[in-house]
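1. how would this look folded up:
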Amino acid sequence: MNYLDFNTFLYGKEYPIVKWEENDTINFWIETSKSEVKCPECGCNCISVHETHQRKIQDTPIHNKNVYININVRELKCENSKCKVKTFTEELAFASKHQVRTYALTEFIITHAIYMSSSSTSLILSFIGVNVSADTVDNILKNVHIIDNPNVERIGIDDVAVRKGMKYATAIYDLDTHHLIALIEGREKDDIVPWLKEHKNIKFVARDRASSYADAINEILPNAVQVADRFHLFENIIKYLKEMFYSELPDKIVIKDNEILDKKATKVISELANINWDIVDSFSYTNDVPIDENGEEIKFIDVEYDMNDKMHLAQEERRLEKYNIAVKIKNESNLNIDELSKKYNVSQYLVKKFLKMSDEDGE
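-> Purely as a prediction, here's the structure:
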């Protein structure tokens, strides 16, 4: 790389590098090559410098080191006697007024913050050469403006966790530009209906299988084509396949001389091998709206249960308690059924049932 290339590699010929040094951080000193600056009020070209002040602006890191841009910014006098502005500060192409970060660094921070919490973002960036606090990350995100498109025709809609398990919002994307065009608080039908009413041009919606979104779209945009996105379909398929294998196959499968010794595993695997693929191939995987034999649309209701709510947690606790009692009863071979029933406060029927259970049944 020759000197001229290095001299202008940061922000082009308008801001050439005049000096640089590297120690714990990397510092560049640059200057502006523009002799004239337009007044922001009247547009007059001005060259008279009133005073200068130095700005130190953090830029994107290099080799995991903090990078700072140092530049003397001019305050100029407006040469138009009729202008309301007497002096003004020149604007920089790479950083806004009074900011201590370049535009490029702000974008760099946002690209990390959208995947992590503000605290995590601050910590991770500190390892790769960016000094930014969690509060600053919060402020940057609060100033990100989402630009709506009232004429959008194809959207993607999904819920996002503002606080996992506690608070959710609905994110709406333009499928053609892949830009976020709305972030709505909540994920229920009534939360998104007002937005849908203002976007009657929508013809195509890709969404997850939540019934609240489906109900809202059916009510406001009855002619829009709705499709379930591939991610959620594959997620559901994988979930049900895992449940099937975990419930049917034992924890260990013993194979000797190319033969499976476990009868249960042999039965399951043989059933899988006898799948009628003609039936599987007969299913339609297109994005067409499903139609029944009378030509009417088939509407699916997908109810999701929260396995961490009080009811399910209580049921899980009772199952665990019963399992622990069963284990204790099986280990007490010196007591008869009547004694076990009184000791563990369970019926004799349950005692007999627990004693007959195998270790596999107990699991």
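
2. what sits against the spatially closest residue to residue 232 that is not a sequence neighbour?
-> Counting by CB to CB, 6 or more residues apart in numbering, residue 208 is the residue found nearest to residue 232 once chain neighbours are left out, at 4.6 Å. Heads up, the C-betas are built off the backbone N, CA and C, glycines and all. Neighbouring residues of residue 208 by CB atoms under 8 Å, 6 or more residues apart in numbering: 157-159, 228-229, 232.

3. farthest pair in those?
-> The largest separation in the contacts of residue 208, counting by CB to CB, is between 159 and 228 at 14.1 Å.

4. Specify which residue of the two has the higher count of neighbours.
-> Counting neighbours by other CB atoms under 10 Å for residue 159 and for residue 228 shows that residue 159 has the greater number, 19 against 16.

5. Would you map the strands across the protein?
-> With DSSP state E applied, the chain shows strands at 17-22, 26-30, 37-38, 45-46, 49-62, 65-77, 87-89, 154-163, 167-174, 179-185, 204-207, 225-228, 255-256, 259-260, listed in chain order.

6. Out of those strands, which gets nearest to residue 295?
-> Residue 295 sits nearest to strand 225-228 of all the strands of the chain, at 16.7 Å, using CB to CB.

7. what separates the closest one from the chain centre, distance-wise?
-> Here strand 225-228 is found 21 Å from its chain centre; the criterion is CA atoms, centre = their mean, to the nearest Å.

8. what sits up against it?
-> Contacts to strand 225-228, defined as CB under 8 Å, 6+ apart, come from residues 203-209, 214, 217, 287, 289.

9. Pull the distance from stretch 205-223 to the chain's centre.
-> 21 Å.

10. Next, the buried residues of stretch 83-96.
-> Within stretch 83-96, the residues that qualify as buried by neighbour count (16 or more other CB atoms under 10 Å) are 88-90, 92, 94-95.

11. Just send these back as JSON lines, with distance to residue 357 and pLDDT too.
-> Converted to JSON lines, the buried residues of stretch 83-96 look like this (distance: CB to CB, whole Å; pLDDT from 0 to 100):
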{"residue": "88", "distance to residue 357": "85", "pLDDT": "88"}
{"residue": "89", "distance to residue 357": "81", "pLDDT": "88"}
{"residue": "90", "distance to residue 357": "82", "pLDDT": "88"}
{"residue": "92", "distance to residue 357": "76", "pLDDT": "90"}
{"residue": "94", "distance to residue 357": "72", "pLDDT": "91"}
{"residue": "95", "distance to residue 357": "71", "pLDDT": "91"}
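
12. And these, which is closest to residue 144?
-> Each of those was scored against residue 144 by CB to CB, and residue 95 proved nearest at 17.2 Å.

13. So the closest one is in contact with residue 56, correct?
-> No - counting by CB atoms under 8 Å, residue 56 is not a contact partner of residue 95; they are 10.7 Å apart.

14. which residues do those two both contact?
-> When CB under 8 Å, 6+ apart defines a contact, the residues bordering residue 95 and residue 56 alike are residue 69.

15. What is the least confident helix or strand in this structure?
-> One helix or strand of the chain scores below all others by mean pLDDT, DSSP states H and E: helix 359-362, with a mean of 48.

16. that older thread, next, give me the two most distant ones among the contacts of strand 225-228.
-> 203 and 209 (20.3 Å).

17. more neighbours, these two?
-> The neighbour comparison of residue 203 against residue 209 (other CB under 10 Å) goes to residue 209, with 17 against 12.

18. and the closest residue in space to residue 152 that isn't next to it in sequence, what are its bridge partners?
-> Counting by CB to CB, 6+ apart, residue 174 is the residue found nearest to residue 152 once chain neighbours are left out, at 5.2 Å. Using DSSP bridges, the beta-bridge partners of residue 174 come out as residue 155, residue 179.

19. Residue 174: what's it in contact with?
-> Applying CB under 8 Å, 6+ apart to residue 174 gives the contacts 149, 152, 154-155, 181.

20. same thing but 7 Å
-> With contacts taken as CB atoms under 7 Å, 6 or more residues apart in numbering, residue 174 has the following neighbours: 149, 152, 155, 181.

21. From residue 113, how far off is it?
-> Between residue 174 and residue 113 the distance is 21 Å, computed by CB to CB, to the nearest Å.

22. Domain ranges for this protein, per the record?
-> The record's domain split for the chain, according to automatic domain parsing, is 1-95, 231-282, 310-362.

23. would you list the ones you listed in JSON lines and tack on distance to residue 223?
-> Converted to JSON lines, the domains of the chain look like this (distance: least, CB to CB, whole Å):
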{"stretch": "domain 1-95", "distance to residue 223": "47"}
{"stretch": "domain 231-282", "distance to residue 223": "23"}
{"stretch": "domain 310-362", "distance to residue 223": "39"}
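
24. Which one of those has the poorest average confidence?
-> Of all the domains of the chain, domain 231-282 carries the lowest average pLDDT, namely a mean of 70.

25. Centroid-nearest residue for the protein?
-> Note on the chain: the residue nearest the mean C-alpha position is residue 115, at 5.7 Å, using CA atoms, centre = their mean.

26. picking up where we left off before, could you measure the residue nearest to residue 152 against residue 199, distance?
-> Plainly put, residue 174 is 11 Å away from residue 199 if you go by CB to CB.

27. For those two, list the residues in contact with both.
-> Counting by CB under 7 Å, 6+ apart, the shared contacts of residue 174 and residue 199 are residue 152.

28. so where's the longest helix in the protein?
-> With residue count as the measure and DSSP state H as the assignment, the chain has helix 310-331 as its longest helix.
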